[in-house]
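Participant: following is a predicted model, sequence given first.
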Amino acid sequence: MDNNTTNQSNANSTENTKFCKHCGAKIPAAAVVCTHCGCQVEEIKQTEQPSIVINNSNNNTNANTNINGAMPGLKPKNKWVAFLLCFFLGYLGIHKFYEGRIGAGILYLLTLGLFGFGWIIDCIILLFKPNPYYVR
C-alpha cells in the first residue's frame, strides 16, 4: 500500500507540474514564467478585456484661428523685403519703418543708420531671421 500511495502522489505532482522550455526545471503547471530561470514559458492570456470609460466634457466651440504658427498680436514680415530695404536704404532706417518700429526708424534717419554700424549689423541679423518673421 505504501507503493500505491507513493505512485498516486507522484502522479498528482506530475499533473500539477511541467518542465521549463529553457532550463528544463520542474515548475508549476499554471506558471507562465519559470520560477528557476525567469524565462517566459507560455503566453500571457487575459481572461477579460478592461473596460475603458471616456468622459470628455470638452465644450470648446472656438475655431482654431492660428495661421502658420503665428502668435496672436504679432504681424508677419517678409525677411527679403526687410533685407532689401535695409541693404539699400538702411542708413535712412526704412527697414525699421517697415517693421513698424517708428522710433528706431527716426533714430536711424537722424544718425544715418547709427553712424553706419547699426545698418551693417541689421543687414547681418536680417539674413539669419526665418521667413516670415514676426514683429509686434
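Facilitator: Noted; the coordinates are in hand.

Participant: what ranges do the helices span in the protein?
Facilitator: Here the chain has its helices, by DSSP state H, at 2-15, 79-89, 94-99, 102-115, 117-127.

Participant: in JSON lines: the ones you listed, plus distance to N59 and mean neighbour count.
Facilitator: From N, CA and C alone the C-beta is placed, and that goes for glycine too. Compiled in JSON lines, these are given as follows (distance: least, CB to CB, whole Å; neighbours: other CB atoms under 10 Å):
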{"stretch": "helix 2-15", "distance to N59": "60", "mean neighbour count": "9"}
{"stretch": "helix 79-89", "distance to N59": "40", "mean neighbour count": "17"}
{"stretch": "helix 94-99", "distance to N59": "39", "mean neighbour count": "21"}
{"stretch": "helix 102-115", "distance to N59": "43", "mean neighbour count": "15"}
{"stretch": "helix 117-127", "distance to N59": "44", "mean neighbour count": "16"}
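
Participant: now tabulate these in TSV and tack on distance to V53.
Facilitator: Below are these laid out as TSV (distance: least, CB to CB, whole Å):
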stretch	distance to V53
helix 2-15	42
helix 79-89	50
helix 94-99	53
helix 102-115	58
helix 117-127	54
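
Participant: mind checking which of these is nearest A29?
Facilitator: Of all these, it is helix 2-15 that lies closest to A29, at 7.3 Å by CB to CB.

Participant: good, we can wrap up now.
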